[in-house]
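Peer 1: Sequence first, predicted coordinates after that:
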Amino acid sequence: MNTFKRIRKKIKSTFIFNILHNIFFKPLKSYANSFGEDLFVNNYFIDQKKGFYIDVGCNQPKINSLTYNLHKKGWKGINFDISERCIKLYNFFRPNDLNLNFSIGSKEEVVKSFIFYENCTMNTVDKNFKNYTSKSVNKKPEIHEIQQKTLDQVLIENNVNRIDYLNIDVEGYEMNVLRGFNIKRFCPLLVSIEIHDLDCPPVKNQIYKFFKKNKYNLVSIYGWTYFFEYNSNKKIHFKI
């Protein structure tokens, strides 16, 4: 690696670069850089000016965000990420949200987090996903211990009674998040969650079965991201 590349890499790894990148980032249409999932979220809540979101695995506050447009409209919420850098960025850009550097899972405990770099979308606490990512990017992650809580625990501690939109993007750890969440109690209107399954729709997948069991309907698919709506099915794109 030549000197210029080393200097550029060092600059791009700094917190101030992350701040400037988020400030000056200008998307053509979508703030999500993969399949434009945020456009579906935007359209779904187009007539709802105020609301409450939960973003588990939030990554950056603007770039890659499925909740940024909701935030701009005046929504508030709780954001979780295992990257301390990401939560610092949220505290800078979204100080009115509650931004927590926790892992969310099936029980309260200390777990190992695998950080490839501070704002990497592939950071995870799932060992299998860590191994997959290490091979695909040819890089070993830094390993840190981090506090894990259940989603129920955090919601109850913060007197949350209503969720309009729930996003779960935790790189292979999604089912563990759901095991610590009483979906019947909080009943979010719309849920987006990654399902890494070659079948589409993944009718035998435990995440898919979880939502069907709890009266949620699949309403749209963007890449690995599946959108489920509670019961009413008013926004449905297709029937399965």
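Peer 2: Noted; the coordinates are in hand.
Peer 1: Show me the shaky parts of the chain.
Peer 2: Applying pLDDT under 70 to the chain picks out residues 1, 4-5, 28-29, 31, 33-34, 232-240.
Peer 1: How are the helices of it distributed by residue range?
Peer 2: Along the chain, the segments classed as helices by DSSP state H run 3-12, 15-24, 37-44, 68-73, 84-93, 127-137, 151-157, 174-179, 183-186, 206-213.
Peer 1: Distance from the chain centre to the fifth one, please.
Peer 2: Chain-centre distance of helix 84-93: 14 Å, with C-alpha atoms, centre = their mean, to the nearest Å.
Peer 1: Could you number the chain from 11 rather than 1 from now on?
Peer 2: Yes, from this point I'll number from 11; that puts the last item at helix 94-103.
Peer 1: what sits against Leu188?
Peer 2: Taking C-beta atoms under 8 Å, 6 or more residues apart in numbering, we find Leu188 in contact with 178, 217, 220. All C-beta atoms are positioned from the backbone trio N, CA, C, and that covers glycine.
Peer 1: I'd guessed the last one sits against Met185; true?
Peer 2: Yes. Counting by C-beta atoms under 8 Å, Phe220 touches Met185, with 7.5 Å between them.
Peer 1: So which of the helices of the chain is nearest Ile205?
Peer 2: helix 216-223 (5.1 Å; C-beta to C-beta).
Peer 1: Contacts for the closest one, please.
Peer 2: Counting by C-beta under 8 Å, 6+ apart, 184-185, 188, 193, 201, 203, 205, 207, 211-213, 228, 236, 238 sit against helix 216-223.
Peer 1: can you rerun that using 7 Å?
Peer 2: Contacts with helix 216-223, where a contact means C-beta atoms under 7 Å, 6 or more residues apart in numbering, come from 184-185, 188, 203, 205, 211-212, 238.
Peer 1: thinking again about what came up before, could you dump the contacts of Leu188 to CSV with neighbour count and distance to Ile156?
Peer 2: Formatted as CSV, the contacts of Leu188 follow (neighbours: other C-beta atoms under 10 Å; distance: C-beta to C-beta, whole Å):
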residue, neighbour count, distance to Ile156
Ile178, 23, 17
Ile217, 20, 23
Phe220, 18, 25
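Peer 1: for those, which one is nearest Phe35?
Peer 2: Using C-beta to C-beta, Ile178 comes nearest to Phe35 of the contacts of Leu188, at 23.5 Å.
Peer 1: one step back: want to throw the helices of the chain into a markdown table with distance to Val121?
Peer 2: Output for these, formatted as a markdown table (distance: least, C-beta to C-beta, whole Å):
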| stretch | distance to Val121 |
| --- | --- |
| helix 13-22 | 28 |
| helix 25-34 | 25 |
| helix 47-54 | 27 |
| helix 78-83 | 28 |
| helix 94-103 | 15 |
| helix 137-147 | 10 |
| helix 161-167 | 15 |
| helix 184-189 | 10 |
| helix 193-196 | 22 |
| helix 216-223 | 20 |
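Peer 1: Nearest to Lys72, out of those?
Peer 2: With C-beta to C-beta as the criterion, Lys72 lies closest to helix 25-34 of the helices of the chain, at 4.4 Å.
Peer 1: how far is that closest one from where the chain is centred?
Peer 2: Distance, centroid of helix 25-34 to centroid of chain: 20 Å (C-alpha atoms, centre = their mean).
Peer 1: do the same with stretch 12-29
Peer 2: 25 Å.
Peer 1: Return the set of buried residues in that stretch.
Peer 2: With burial defined by 16 or more other C-beta atoms under 10 Å, the residues of stretch 12-29 counted as buried are Asn28.
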